[in-house]
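Asks: Return a 3D structure for these sequence lines:
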Amino acid sequence: MDENRVSVPADPGGAMLFVFSMEVISFWAVYLDVFSEGTYLVLGCLMLAVYPVYLIGAFIYYKRNDAYMGNCYFIFGSLFGGIFGLIYIALHFGFLFGWDMNISILAIPMFWGSLAVFALLKPMLKGPVIPLVVYGIAAIWLFTYGLELLSVGSLIIFTVNKYLSLIVGVGTAYLFVNDLLLSAGDRGLPMGPLLGH
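Replies: Residues are numbered from 1 along each chain as shown. Purely as a prediction, here's the structure:
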């Protein structure tokens, strides 16, 4: 038996990107304003439901001695699992009971998340172009989402965020399909030319 194969867990990248992509597309769907206020409760529950998946994925990456991806998914899990999961549930009850809620403070975790993703981009400069572009757009989306929470350039930023969330959702869907194919021994999808060569 191959001891290294037993001691090193498999790469959970496809599953982790699936969760993130599904959440971002859900954000995009909320931007369309076709759902009732009860959607916030369901979306909050969805985010809390996948929060453990982010944490498990991060721990698996740490077990694989991959602090880069472990940190990435702890950050995504904090933002899109714990923080926004609880906030969307609170928003639902706020609407229901007429609470005076000011969520502009959430701009801070979005700005910090944007900063973290921008930092994560630097090592990607040596890899293929498509993941770099998708994560780059995700970093911009987090930043502009922070601006939206502060009501900066409201209508313009709202429109920009609607399309950025769609691009990030579709882009990360492309990446998770690629990772799932690779995990099955397939050659995967085209990722564009390698950078830094």
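Asks: in the chain, which ranges drop under the pLDDT threshold?
Replies: For the chain, the stretches with pLDDT under 70 are 1-6, 37, 197.
Asks: ok, now with 80
Replies: 1-7, 34-37, 153-154, 196-197 (pLDDT under 80).
Asks: any idea which helix is longest in this protein?
Replies: helix 154-183 (DSSP state H).
Asks: Which positions in it come out as buried?
Replies: Residues of helix 154-183 classed as buried: 157, 160-162, 164-169, 171-180 (neighbour count, 16 or more other CB atoms under 10 Å). Every C-beta, even on glycine, is put in place using the N, C-alpha and C of the backbone.
Asks: cool, and stretch 68-87?
Replies: For stretch 68-87, using 16+ other CB under 10 Å, the buried residues are 69-85, 87.
Asks: what's next to that stretch, contact-wise?
Replies: The contact list for stretch 68-87 (CB atoms under 8 Å, 6 or more residues apart in numbering) reads 13, 16, 20, 23-24, 44-48, 50-55, 57-59, 61-62, 103, 106, 109-110, 113, 116-117, 120, 123, 142.
Asks: Now a PyMOL select for only the buried ones of these.
Replies: Applied in PyMOL, the following selects the buried portion of these according to 16+ other CB under 10 Å:
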select buried, resi 13+16+20+23+24+44+46+47+48+50+51+53+54+55+57+58+61+62+106+109+110+113+116+117+120+142
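Asks: sorry, back to before: does anything pack onto the longest helix of the chain? Which helices or strands?
Replies: Secondary-structure packing of helix 154-183 (3 or more CB pairs under 8 Å, 6 or more residues apart in numbering; DSSP states H and E): helix 13-31, helix 129-149.
Asks: Now do it and helix 129-149, the angle between them.
Replies: 150 degrees (axes from the mean of the first three to the mean of the last three CA atoms, to 10 degrees).
Asks: Helix 154-183: how far from the chain's middle?
Replies: 9 Å (CA atoms, centre = their mean, to the nearest Å).
Asks: any idea of the angle that helix forms with helix 13-31?
Replies: Using the same axes, to 10 degrees: helix 154-183 against helix 13-31 is 160 degrees.
Asks: Now do the same contact list for the residue most central in space within the chain.
Replies: Nearest to the geometric centre of the chain sits residue 20, at 4.2 Å (CA atoms, centre = their mean). When contacts are counted by CB under 8 Å, 6+ apart, residue 20 is found next to 76, 80, 172.
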